[in-house]
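Novice: coordinates only, sequence not included:
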């Protein structure tokens with residue numbers, strides 16, 4: 001017979017009868033009458049062409065075929081129950097791959113702590129980190145390749161859940177020893193600077209930066225566009241160009257790239273960075289743990305970057 005022709009509820013009855021070795025006990029466990037259990041067994045006997053259980057003394061014993069079915073029925077029904085009820089699997093035993101999208105500056109500042117905490121909580125799982133360009137080209141969170149994103153995202157995107165993480169300030173930097181370093185920079189001198197602009201994906205740079213300069217009456221001269229904050233820092237460290245970079249990134253890695261904050265008088269931005277995920281993973285137990293790991297790991301990373309900056313100032 002075909003499985004599609006069988007009422008699967010009958011298998012639940014059979015598994016219970018085989019476990020209890022009694023129609024009456026099985027009926028009590030299933031909250032039905034003994035006659036209902038007997039009727040279900042009769043339907044199964046006809047479907048499988050086997051007596052399944054026979055009376056022996058005051059109880060019943062399974063036929064060879066039913067005895068062979070018993071352990072498989074128990075395993076299958078337990079697996080099905082866990083799948084339906086959504087019981088949380090053990091994070092320490094999962095071998096899933098979890099994908100996080102975050103800009104390169106965040107990868108450097110927050111990556112070490114993220115990797116450490118993830119490995120501690122999910123030692124057999126794999127963490128895949130991608131940049132914002134990959135995030136966008138793969139369909140973002142609406143696709144199936146990215147699980148979480150740490151980015152400046154809108155709150156009104158259909159199907160996307162967000163949670164505020166922190167405010168990221170962006171600051172103007174130049175190379176150590178730049179002619180204007182340590183001086184009071186006028187509006188005119190700010191207008192003469194040439195900028196390396198960061199667009200983590202085509203057309204996706206710091207929103208509001210151009211208008212911030214325009215509101216100050218400064219024509220921001222962009223000489224070069226690069227796809228990462230690290231590329232901008234490397235170029236600025238070897239030239240007289242300037243760039244607007246995340247303040248925490250500069251505090252942590254500025255000296256390594258040979259750059260430092262140029263002037264507080266330059267327009268600055270404060271960007272709301274959020275943790276974002278698609279609603280399809282909202283109730284996934286392992287994804288919930290993944291979000292907890294990422295959210296908790298970001299906070300120590302922010303503290304480290306602040307203390308690193310204070311030590312170097």
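Specialist: Ah, there it is. Computed from a predicted model, the values in this text were never measured in an experiment.

Novice: which residues of this structure fall in helices?
Specialist: Applying DSSP state H to the chain gives helices spanning 9-20, 23-30, 34-48, 64-85, 104-121, 132-137, 187-192, 209-215, 229-238, 247-257, 285-312.

Novice: Which positions within the first one qualify as buried?
Specialist: The one in question is helix 9-20. 10, 11, 12, 13, 14, 15, 16, 17, 18, 20 (16 or more other C-beta atoms under 10 Å). In short, each C-beta sits where N, CA and C put it, glycine included.

Novice: and residue 163, how many neighbours?
Specialist: Applying other C-beta atoms under 10 Å, we find 10 other residues in the vicinity of residue 163.

Novice: Please report how far the nearest residue to it once chain neighbours are set aside lies from residue 252.
Specialist: The shortest distance from residue 163 to any residue that is not its chain neighbour, by C-beta to C-beta, 6 or more residues apart in numbering, is 4.7 Å, and that residue is residue 275. For residue 275, the distance to residue 252 under the criterion C-beta to C-beta, to the nearest Å works out to 20 Å.

Novice: Select, out of the helices of the chain, the one closest to residue 171.
Specialist: Residue 171 lies closest, by C-beta to C-beta, to one member of the helices of the chain: helix 247-257, at 4.8 Å.

Novice: That closest one - contacts with which helices or strands?
Specialist: For helix 247-257, the helices and strands in contact under the criterion 3 or more C-beta pairs under 8 Å, 6 or more residues apart in numbering; DSSP states H and E are helix 104-121, strand 160-175, helix 229-238, strand 259-261, helix 285-312.

Novice: just to revisit the earlier point, relative to residue 147, which of the helices of the chain is closest?
Specialist: Closest to residue 147 of the helices of the chain, according to C-beta to C-beta: helix 285-312, at 6.4 Å.

Novice: I'd say residue 16 and residue 29 touch.
Specialist: Yes. With the criterion set as C-beta atoms under 8 Å, residue 16 and residue 29 qualify as a contacting pair; they are 5.6 Å apart.

Novice: ok so, going back, measure the residue nearest to residue 163 to residue 165 for me?
Specialist: Using C-beta to C-beta, one gets 5 Å for the distance from residue 275 to residue 165.

Novice: between these two, what contacts are shared?
Specialist: Counting by C-beta atoms under 8 Å, 6 or more residues apart in numbering, the common neighbours of residue 275 and residue 165 are 150, 295, 298.

Novice: of those residues, buried ones?
Specialist: By the neighbour-count criterion of 16+ other C-beta under 10 Å, the shared contacts of residue 275 and residue 165 include these buried positions: 150, 298.

Novice: from the buried residues of helix 9-20, which is closest to residue 160?
Specialist: Distance to residue 160 across these (C-beta to C-beta) is lowest for residue 12, with 39.3 Å.

Novice: Can you pull the poorly scored residue ranges out of the stretch 201-313 of the chain?
Specialist: Low-confidence regions of the stretch 201-313 of the chain, defined by pLDDT under 70, span residues 264, 300-313.

Novice: repeat that with 90
Specialist: Scanning the stretch 201-313 of the chain for pLDDT under 90 picks out the ranges 201-220, 262-271, 279-285, 297-313.

Novice: For the residue nearest to residue 163, which residues are in contact?
Specialist: 148, 149, 150, 162, 163, 165, 291, 294, 295, 298.

Novice: And it, how close does it get to residue 149?
Specialist: When distance is defined by C-beta to C-beta, residue 275 is 8 Å away from residue 149.

Novice: And for residue 257?
Specialist: Separation of residue 257 from residue 149 (C-beta to C-beta) stands at 25 Å.

Novice: more neighbours, those two?
Specialist: With other C-beta under 10 Å as the criterion, residue 257 and residue 149 differ in neighbour count, and residue 149 comes out ahead with 26 against 22.

Novice: Verify the contact between the more buried one and residue 142 for me.
Specialist: No. With contact defined as C-beta under 8 Å, residue 149 and residue 142 do not form a contacting pair (11.2 Å).

Novice: Just the pLDDT at the residue nearest the centre of the chain, thanks.
Specialist: Taking C-alpha atoms, centre = their mean as the criterion, residue 148 is the residue nearest the geometric centre of the chain, at 2.9 Å. Among the per-residue scores, residue 148 holds a pLDDT of 95.

Novice: which residues sit in contact with it?
Specialist: Counting by C-beta under 8 Å, 6+ apart, residue 148 makes contact with 98, 99, 100, 101, 275, 276, 277, 290, 291, 294.

Novice: Sweet, I'm off.
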